[in-house]
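Novice: Sequence first, predicted coordinates after that:
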Amino acid sequence: MNTKKLMSAALAALLLAGCSAGGTAGGDAAGTTETAAAENLKILSPTGAPSLSLLPIVLGGKNTVETVEGADPLQAALVNPDAEYDVIICPTNLGVKLASAGKTDYRLLDVVTWGNLYIIGSDESDLEAGHKVAAFGEQAVPGLVFKKTYSDIGADVSFAYQTGQETMAALLSGDADAALIAEPAATAAIAKGKEQGKEFKVISDVQKEWGENGFPMAGLFVNSKTYEENKAMITDLVNQMKEFTDGVNPDDASALIDALNQAGIEQFGVPSAEIIGKCWKRMNISIRDAAECKDDVAAFLKVFGVDNVDGAFAE
């Protein structure tokens, strides 16, 4: 059976368990109240690429998935002494920094995404001296990674645009020659440019500039108490995520598009299911055991001034 058929069959099975199309998914359409309570985990994730790893969990309907925009609600959840969530997906630097400083009871179990940042422009020469490159997140992952990897390009790099939307607007309006944009917004920007008669493309892959494996951008953090008491349940959750993400065929994303439309794209904060189908590979969603990626995590955290990541990993 080919990959498309395997994935379609798996998603069809998940759909039989029920799905939700809002910002929160939960309940057990097929089982009893006791079963739902026993199987329910409460999960928080930022919208965008990290949340897409949870698609099979949303479709399964046996766990509660909440998505939010921005880092503030994620940080608030991580430091809450009365932990509300069993699992939190968040920027790896945020969770590890808090864990290393003893400010959270959440620990890194898996790396979820390996960078989804790209520079969009008309030509590679847009990165040469004299051109203007719009960027965002000056003191966050995008800005700090950008400055580290492109410190020698000689371009006039502008941090005047504080959000991804404003960065995209600068590119489309001609206020910038090129722009640092995260997927899936990068693919959306290329499409919008085409509607305006402008031919944009990816002129540089930030992940490749960083290193062969990219960088551990988002991670899955588990509440220490929950993990200690429910290791099998959380292991099953991660295995579902991994099986799904490994099974997506980027050359034929029809099954993925169908599943996103079934779940409802609103909670994922993405432009459309079709755009996700086009840029799935560039989002670098790959679930990997954090214990096997400690060197990658440590190298990444140095950019944020964290030299010791001991104690930040789930055991």
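Specialist: Looks like it came in fine.

Novice: which helices and strands sit right next to the biggest strand by length in the chain?
Specialist: For the chain, the strand reaching the highest residue count under DSSP state E is reported as strand 106-113. Contacting strand 106-113 under the criterion 3 or more CB pairs under 8 Å, 6 or more residues apart in numbering; DSSP states H and E are the following elements: helix 49-52, helix 92-100, strand 218-223, helix 224-229, helix 231-247, strand 285-289, helix 294-302. All C-beta atoms are positioned from the backbone trio N, CA, C, and that covers glycine.

Novice: residues in contact with that strand?
Specialist: Among residues not part of strand 106-113, those counted as contacts by CB atoms under 8 Å, 6 or more residues apart in numbering are 49-50, 53, 78, 83, 88-89, 92, 95-96, 98-99, 216-224, 227, 234, 238, 241, 283-290, 293, 296-297, 312-315.

Novice: show me where the stretch 51-200 of the chain has helices.
Specialist: Along the stretch 51-200 of the chain, the segments classed as helices by DSSP state H, counting those that start in this stretch run 55-60, 72-79, 92-100, 141-149, 164-173, 185-195.

Novice: and the longest one, what's its mean pLDDT?
Specialist: This points to helix 185-195. For helix 185-195, the mean pLDDT works out to 96.

Novice: List the buried residues in it.
Specialist: Ala185, Ala186, Thr187, Ala188, Ala189, Ile190, Lys192, Gly193 (16 or more other CB atoms under 10 Å).

Novice: ok, of those, which one's closest to Gly264?
Specialist: Distance to Gly264 across the buried residues of helix 185-195 (CB to CB) is lowest for Ala188, with 18.3 Å.

Novice: what's the spacing between the residue lying closest to that closest one once chain neighbours are set aside and Pro184?
Specialist: Closest residue to Ala188 apart from its sequence neighbours, by CB to CB, 6 or more residues apart in numbering: Pro271 at 4.5 Å. From Pro271 across to Pro184, the span is 6 Å (CB to CB, to the nearest Å).

Novice: got any ranges where the stretch 151-300 of the chain has weak pLDDT?
Specialist: Applying pLDDT under 70 to the stretch 151-300 of the chain picks out residues 154-155, 160-162.

Novice: 90 - rerun?
Specialist: Residues of the stretch 151-300 of the chain meeting the criterion pLDDT under 90: 151-166, 212-213, 250.

Novice: Phe244 reaches Pro56, doesn't it?
Specialist: Yes: checked against CB atoms under 8 Å, the pair Phe244 and Pro56 is within contact range at 4.2 Å.

Novice: so what's Thr163 up against?
Specialist: Taking CB under 8 Å, 6+ apart as the contact definition, Thr163 lies against Phe136.

Novice: ok, back up a step: quick check: which of the helices of the stretch 51-200 of the chain is buried the most?
Specialist: Of all those, helix 55-60 has the most neighbours on average by mean count of other CB atoms under 10 Å, namely a mean of 25.

Novice: Which other helices and strands does it contact?
Specialist: For helix 55-60, the packing partners by 3+ CB pairs under 8 Å, 6+ apart come out as helix 3-16, helix 231-247, helix 254-263.

Novice: If we use 10 Å, what do you get?
Specialist: For helix 55-60, the packing partners by 3 or more CB pairs under 10 Å, 6 or more residues apart in numbering; DSSP states H and E come out as helix 3-16, strand 24-25, strand 42-46, strand 64-68, helix 231-247, helix 254-263.

Novice: And the fourth one, what's buried?
Specialist: Pointing back at strand 64-68 there. Across strand 64-68, burial judged by 16+ other CB under 10 Å covers Thr64, Val65, Glu66, Thr67, Val68.

Novice: ok, the residue most central in space within the chain - contacts?
Specialist: Centroid check for the chain by CA atoms, centre = their mean gives Pro50 as the closest residue, at 2.3 Å. By CB atoms under 10 Å, 6 or more residues apart in numbering, the contact list for Pro50 reads 67, 89-91, 112-113, 116, 217-220, 268, 283, 285.

Novice: Need those residues in TSV (columns: distance to Asp175).
Specialist: As requested, those are exported to TSV (distance: CB to CB, whole Å):
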residue	distance to Asp175
Thr67	31
Ile89	33
Cys90	31
Pro91	28
Val112	33
Thr113	29
Asn116	23
Met217	27
Ala218	29
Gly219	34
Leu220	37
Phe268	29
Met283	26
Ile285	31
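
Novice: any idea how far Ala314 is from Trp280?
Specialist: When CB to CB is the yardstick, Ala314 and Trp280 sit 27 Å from each other.

Novice: same thing with Phe136?
Specialist: Phe136 sits 23 Å away from Trp280, going by CB to CB.

Novice: Please apply the same query to Gly214.
Specialist: From Gly214 over to Trp280 the distance is 15 Å, taken as CB to CB.
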